[in-house]
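**Q** My questions concern the predicted model and sequence given below.
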Amino acid sequence: MPKPRTRSSSQFSAPQKSTRWIRDEADRSLSPDKPDVAELLAVLNSGYKRGGTRPVLVPTKDGWNVSEMPTFCPVAMAGNNPRLPEDTLSRTIRVLLLPDLDGRVEETDWELIDADVRALGQCLADWAEAARDGVRTNRPPLPDGITGRARERWSPLMRVAVAAGGRWPAVVNSLALDDKEQQEMNREDGMVRDRPAVLLLGHLHEGWDADEPFLPTARLIDGLVHDHPDDWGDASPLGKRLTAQRLGRMLATAYGVNSTRLDRTGPRGYAQAALLPVWYRMGVRTDPRRLAPVRQPPPKQTGASGATGSTGAVRDGVTASDAASRCIDCGHAMTLIEPGQLVHPTCEPWPPSRMPSRAELVR
């Protein structure tokens, strides 16, 4: 894996053939205070899965060409508690080593064990070559709760463990569960901090009354600042109170949720139905039966004749506001067939075992 040479995100040395990347004293060499470390970490983050690439400038006789540099390779880092960012830590498996004050650890003088280690390495290489096809195609299950980035970390090891057989699958299961428990304890101790958009999603769910299908933006912000002043008030990391613009930017950029109005003259705010699928898929909300159905306003008519138009008048039994409604599963616009309809008939936002009945979705 090549080393970045400049501060430009695209200016890296030309790709070289590499099978592994080893970094010692990572607490110094990957210190966030050093120049170009952010670019190097970006390379590491992109290369933790097969197929990862980064743009690179390749010199030609006419100047420079942009090419995609493959960054996938095994990485090993050692250091005295290096200050790695959370997105990099989430891609790693940590092996904690403590001093051996009692001298009980076996000797690791490389001059004494070098030949044995090389022989062991060759045996592992021969076995890995023989097991390659099985490891590549096998997808063994992992314990419950090992999902997302944790699954990406532990699945390759489980595939190797199944190929090795014996006690190794049970060992990987145990290690994965221990890692999950450690991550949860780190989060409870404040060592792991969610990204602002993820934190916002959870805090919105905590403060949202299930009987409120719509909340104005100003009311949402007041509640967030009151309940979590260290995150959204003047004491937040930004040093200022959350604004409607920042709230809207986080929800729209991270989750595709935009503010709306119940009518032309009302305040802008957010519909619970728009946040429901995001809460569900992000693991924040798991019980669809807490959903408050969206109560549609009564049909409007414009003018003495009641002629149809874009101001909310009735057209074929469907109001303009109904026609602008969006499915809580796929997010696309839909024409309502029944008052309070929240989902396309062909969409299923929940697993069949927990799918609520129409009576629960439509009041």
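**A** Nice, I can see it.

**Q** Pull the number of nearby residues for the closest residue to residue 51 other than its chain neighbours.
**A** Once flanking residues are discounted, residue 51 sits nearest to residue 72: 6.5 Å by C-beta to C-beta, 6 or more residues apart in numbering. All C-beta atoms are positioned from the backbone trio N, CA, C, and that covers glycine. Other residues within reach of residue 72 by the criterion other C-beta atoms under 10 Å amount to 15.

**Q** Next, give phi and psi for residue 72.
**A** When read as degrees, to the nearest 10, the backbone of residue 72 gives phi -70, psi 130.

**Q** so who does it touch?
**A** Taking C-beta atoms under 8 Å, 6 or more residues apart in numbering as the criterion, residue 72 is in contact with 47, 48, 49, 50, 51, 52.

**Q** Mind doing that once more with 10 Å?
**A** Residues counted as contacts of residue 72 (C-beta atoms under 10 Å, 6 or more residues apart in numbering) are 1, 18, 46, 47, 48, 49, 50, 51, 52, 53.

**Q** and if you look at residue 230?
**A** When contacts are counted by C-beta under 10 Å, 6+ apart, residue 230 touches 236, 237.

**Q** how about low-confidence regions in this protein?
**A** 1-18, 190-193, 285-363 (pLDDT under 70).

**Q** now the strands for it?
**A** 21-23, 53-60, 63-70, 75-77, 214-216, 269-271 (DSSP state E).

**Q** Distance check, residue 106 against residue 116.
**A** Here residue 106 is placed at a distance of 11 Å from residue 116 (C-beta to C-beta, to the nearest Å).

**Q** Same question for residue 32.
**A** 39 Å.

**Q** wait, residue 79 sits on residue 92?
**A** No - Residue 79 is beyond contact range of residue 92, at 11.6 Å (criterion: C-beta atoms under 10 Å).

**Q** Quick one: neighbours of residue 251, just the number.
**A** 21.

**Q** For it, give its distance to residue 49.
**A** 28 Å.

**Q** Compare residue 106 and residue 116 and say which is more crowded by neighbours.
**A** A side-by-side neighbour count of residue 106 and residue 116, using other C-beta under 10 Å, places residue 116 first with 9 against 6.
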